[in-house]
Every structure is written in structure tokens, then in C-alpha cells.
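Participant: Make a model of this:
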Amino acid sequence: MPLPNKHGLDGLAFQLEEERISKRQARRLWDEHILDTFEVGTYAGLQRIHRWLFEEIYDFAGQTRTLNLAKGGFRFASALYLDDALRQISAMPQETFDQIVAKYVEMNIAHPFLEGNGRAGRVWLDAMLRAALGQTVDWSRIDREDYMAAMERSPVRDTELRLLLRDALTDRVSDRAVFMHGVDASYAYEGYTHYRTEEL
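Facilitator: You can find the predicted model right below:
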């Protein structure tokens, strides 16, 4: 059952509308150079990404959740301690590849939003990689099952995730096609495959 949304939709109709709107917003992040105006590597920056992607869909876009979340038996950070955790994550270093991946893993454990954490988080990760290393992840080169398995294990050990991401790095940070195909691949991890970002 989907979360309450501004369109009053559910089922497949809602999934398609969420994908269409948020992918269109992702395209605008690139085409209108909006992403360049957001803070890099902070929770405030992630909030702006999330709000931009989902504000036409959810009232809670960009807002820190107040409910506890679990997925597949894994409990994300308790809502009670989430504000403190997010401040600590924002303060983590982001100068090297390993530091950036560690920060990304911690933000995934925090899972600060009710929905859309993965999609917003991957945009946030790429912004850190571009700023610090002049590189980005070509998400179309990472298999969905490999990525999901690596993310599942990353709270205990992030070696597998680091290897996956490192192998998919590219210096084509100014290539619109890499960004657009990356959004499509990122969304496919969550089951959103109906629309192509560059066509919205």
C-alpha cells in the first residue's frame, strides 16, 4: 500500500505517476543546473535533493521521518536519535573515495525519509564524488542484484560495495547521457522502469 500522496492514487497508477514526476525532476536537476546550487555531502543538501525529486508527490518530501523503519528484517536508525545521527553524518569527511562511501553507507543506515531514500541518496553520493574526485558512478554498469546484496551487507562491511562502485567510476562528469542513464539504472533498482528520464 503506497504512502499517502498528493495525487490520491494507489497501485500501478501511483507507481507510474511517481516515476514520471520524480524522473522529470531528476532531469531538471541536470538540465537547469539546479544540483549545483545544493550543499554537497550534508544532510541539508540531501534534503534539498529529496524535496526537489518528490515535492509534487509527497507532503513529507525533504522532511526527516518521525517513524521507525525496517526493511527485510533490518531496522534503520531509530527516529528518536535520527537528528543526532544526521548531524554526525554531515560532519564526516568526504575527501577520499573510501570516506565518501563510508558516509554514503551511514546515510543509508540513517534512512532519513519515509520513501525515496535510495534514489535521492545515489544523487547525493554522485555529487560528493564529482566535487571531491572529479568522477561519478555510471550506475548502468552495476547489476541490480549485486548492488542490493552489497548494500545489505554494507552496515557490517562495505568492502563489496566499494569494489562495485570503484569499478563503475567514470570521469565523464559533464556527460548528460551518463547522468540520464544513471538515473534510469538507479530507479530500476527500486523497480521503476517504465519511463526514460531523458524523454520526460
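Participant: so what's the most centrally placed residue in the chain up against?
Facilitator: Closest to where the C-alpha atoms of the chain average out (Cα atoms, centre = their mean) is Gly121, at 2.2 Å. Applying Cβ atoms under 8 Å, 6 or more residues apart in numbering to Gly121 gives the contacts Leu46, Tyr104, Met107, Asn108. Every C-beta, even on glycine, is put in place using the N, C-alpha and C of the backbone.
Participant: Now the third one: which helix or strand?
Facilitator: When elements are defined using DSSP states H and E, Met107 is found to belong to helix 97-110.
Participant: what about the strands in this protein?
Facilitator: Listed in chain order, the strands found in the chain under DSSP state E are 70-71, 74-75, 136-137, 169-170.
Participant: So for Ile57, which of the ones you listed sits nearest?
Facilitator: Closest approach to Ile57 among these (Cβ to Cβ): strand 70-71, 19.9 Å.
Participant: Can you list the strands that the closest one pairs with?
Facilitator: For strand 70-71, the paired strands and their directions (DSSP bridges) are strand 74-75 (antiparallel).
Participant: For the partner strand, the averaged confidence score.
Facilitator: If you average the pLDDT over strand 74-75, you get 91.
Participant: lowest-pLDDT helix or strand in the protein?
Facilitator: Least confident helix or strand, the chain: strand 70-71 with a mean of 89, by mean pLDDT, DSSP states H and E.
Participant: Tell me which residues are up against it.
Facilitator: Residues beyond strand 70-71 that count as contacts (Cβ under 8 Å, 6+ apart) turn out to be Phe76.
Participant: Reformat the contacts of Gly121 as CSV; add pLDDT, neighbour count and distance to Val156.
Facilitator: Shown next, in CSV, are these (pLDDT from 0 to 100; neighbours: other Cβ atoms under 10 Å; distance: Cβ to Cβ, whole Å):
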residue, pLDDT, neighbour count, distance to Val156
Leu46, 98, 28, 23
Tyr104, 98, 27, 15
Met107, 98, 24, 16
Asn108, 97, 21, 13
